[in-house]
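Asks: Kindly generate the corresponding structure for this input.
(one chain, ligands or ions: 1)
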Amino acid sequence: MSPPHSLSVPIPPSTRAGDTPRRLLITAGPTHEPIDAVRFIGNRSSGRLGIALADHAAKHGWAVTLLLGPTSQMPSDSRVIVRRFRTTAELDALLRAAMPACDVLVMAAAVADYRPRTTPEILGGKFKRMNQTFTLELEPTPDLLAGVAATKRDDQLVVGFALEPADRLLESAASKLHRKGLDLIVANPLATIDAETIEAVVLGRDGSQHRTPGAMTKADFAPFLLREIESRAACCAPRGPAGASRT
Ligand code: CTP
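Replies: Numbers count the residues shown, from 1 in each chain. Reported below is the predicted structural model:
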């Protein structure tokens, strides 16, 4: 997969004429952090959930930009603008470029927490097999979500995900919601990754908790999550006659 060619990330105009532009930025899929020219550290994210949300939102009048990692899945709605990333650093650059022009960010990407320490020489070659133990040095990646959430305006809504062991699901998700400065967080158990279905709880900064009615397909979860977003996003508030937002 080739890296993004440019950092310009177009956010399409709203597809609902005469209405408030509703611009949704979604990140989805895994990151691949190179070990050398041919190997990487990745994770099992398929990107399906973020892609399902992108398709559903595009069909419901949102202008959608999808920052998509290395996965074979793609959105089916041609109105979704897709930009590809491979590494955490590439996603970071795309995210920073696109964030100012969106109303809502949904950060569904499974971003690496650590990446191999590399040099141009290492990235240009291939480690030889040796008959002895081999230690990879890993360095922490920045928390992209916390970074962009710290720059968010009052009229922007930021939604994160928390992939957690089932026994600490709500406690850990609530702590991430506050630590990262989010408006909403989708708490889902580890089993969600690369699965067909999701059973989740959407936690709000206001203390709200909305649970899915059992496990649902990711395609069915998309409208569930979009309803949560639309009930909160300032950009989605009902509009007065002169176009002013009601409070
Ligand atoms: N995230 C991010 N940058 C990272 C790691 C995670 O932006 N380097 C985002 C994910 O996209 C997700 C949220 O942070 O929306 C929570 O990700 P998760 O993997 O559940 O948590 P971590 O922050 O990685 O914390 P931990 O590994 O301790 O659970």
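
Asks: so where do the strands sit in this structure?
Replies: 23-28, 33-34, 40-41, 63-68, 81-84, 104-107, 114-116, 138-140, 157-164, 184-189, 197-198, 201-204, 209-211, 216-217 (DSSP state E).

Asks: and these, which one is worst for confidence?
Replies: Of all these, strand 197-198 carries the lowest average pLDDT, namely a mean of 91.

Asks: Please list the residues outside stretch 116-126 that contact it.
Replies: The contact list for stretch 116-126 (C-beta atoms under 8 Å, 6 or more residues apart in numbering) reads 33-39, 41, 136-139. For every residue, glycine as well, the C-beta is placed using N, CA and C.

Asks: Now neighbour count and distance to P223 too, for these, in CSV please.
Replies: Converted to CSV, those look like this (neighbours: other C-beta atoms under 10 Å; distance: C-beta to C-beta, whole Å):
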residue, neighbour count, distance to P223
E33, 23, 33
P34, 16, 37
I35, 17, 40
D36, 15, 43
A37, 11, 43
V38, 9, 41
R39, 13, 39
I41, 16, 34
L136, 13, 42
E137, 8, 44
L138, 14, 39
E139, 10, 39
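
Asks: what about stretch 58-76, start to end distance?
Replies: 10 Å (C-alpha to C-alpha, to the nearest Å).

Asks: So the residue nearest the centre of the chain versus M130, what's the distance?
Replies: Centroid check for the chain by C-alpha atoms, centre = their mean gives M107 as the closest residue, at 2.3 Å. Separation of M107 from M130 (C-beta to C-beta, to the nearest Å): 39 Å.

Asks: Good, we can wrap up now.
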